[in-house]
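*Asks:* Everything below, folded, please.
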Amino acid sequence: MRLMDFLVEEAIIYNLKSKDKIGAIREMVEVLKEAQKIPAKEVEGVMKALIKREELGSTGIGGGVAVPHTKHACVGRLMGTVARSEKGVEFDALDGEPVHLIFLLLSPNESAGVHLAALERIATLIRDNDFRRFMTKAMGKKEMIEVLREVDSLHSSLP
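*Replies:* Model prediction:
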């Protein structure tokens, strides 16, 4: 599975402004709405679903990364975005450290396999110190997209 098959390029955030978990998630959901991937009337429902998932346990998985995710009826296919925070976001991460990279995923209600595959792909990538470093040190949205495309091309060339 390639990241750029489900990440919404125009919704990638180079310089996340929010400093807390809920604000960061809202900022990312709003950008997906602006990209016309989430209907305006569904924003609050998507937010509630994402917050409900966070209440089960933080998706701040450590190493400066969080992966908030949920399923929602307003989504027709797997989609998401990624945001970079230079200063870091307090995300109740497992290691207690601020989060600098946030991958937000939304899936249709009946898409358990695709949803899990996307989470697995992200989990594999974020274990790579070089990938995390390149993403957090990127000098703009364009460079973040180049890094994402590069890991996709490496992944697609694997047997």
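
*Asks:* Next, the residue nearest the centre of the chain: secondary structure please.
*Replies:* The chain has Phe103 as the residue nearest its centroid, 1.4 Å off, counting by CA atoms, centre = their mean. What DSSP: H, G, I helix; E, B strand; the rest coil gives for Phe103 is strand.

*Asks:* So for it, what's the pLDDT?
*Replies:* We have a pLDDT of 97 for Phe103.

*Asks:* for it, what are its contacts?
*Replies:* Phe103 makes contact with Val65, Ala66, Val67, Pro68, Gly80, Thr81, Val82, Ile122, Ile126 under the criterion CB atoms under 8 Å, 6 or more residues apart in numbering. (Each C-beta comes from the backbone N, C-alpha and C, glycine too.)

*Asks:* how much space between the fifth one and Ile38?
*Replies:* Using CB to CB, to the nearest Å, one gets 11 Å for the distance from Gly80 to Ile38.

*Asks:* Now for those two: what residues contact both?
*Replies:* Shared contacts of Gly80 and Ile38 (CB under 8 Å, 6+ apart): Leu106.

*Asks:* how about low-confidence regions in the chain?
*Replies:* Filtered on pLDDT under 70, the chain yields the residue ranges 155-159.

*Asks:* Kindly list the longest strand within it.
*Replies:* strand 79-89 (DSSP state E).

*Asks:* Measure how far that one is from the centre of its chain, please.
*Replies:* 7 Å (CA atoms, centre = their mean, to the nearest Å).

*Asks:* Remind me what that strand packs against, helices and strands.
*Replies:* Contacts defined by 3 or more CB pairs under 8 Å, 6 or more residues apart in numbering; DSSP states H and E place strand 79-89 against helix 21-34, strand 99-107, helix 129-137, helix 141-156.

*Asks:* Pull the last one out as CSV, backbone CA atoms only.
*Replies:* As requested, the backbone C-alpha atoms of helix 141-156 are provided in CSV (Å, rounded to 0.1, in the frame of the first residue of the first chain):
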residue,chain,number,x,y,z
LYS,A,141,5.3,21.0,2.2
LYS,A,142,6.8,20.2,-1.2
GLU,A,143,9.8,18.5,0.5
MET,A,144,7.5,16.5,2.8
ILE,A,145,5.6,15.3,-0.3
GLU,A,146,8.9,14.4,-2.0
VAL,A,147,9.9,12.3,1.1
LEU,A,148,6.5,10.5,1.0
ARG,A,149,6.8,9.8,-2.7
GLU,A,150,10.3,8.5,-2.2
VAL,A,151,9.3,6.0,0.4
ASP,A,152,6.4,4.9,-1.8
SER,A,153,8.8,4.3,-4.7
LEU,A,154,11.1,2.3,-2.5
HIS,A,155,8.2,0.3,-1.1
SER,A,156,6.8,-0.4,-4.6
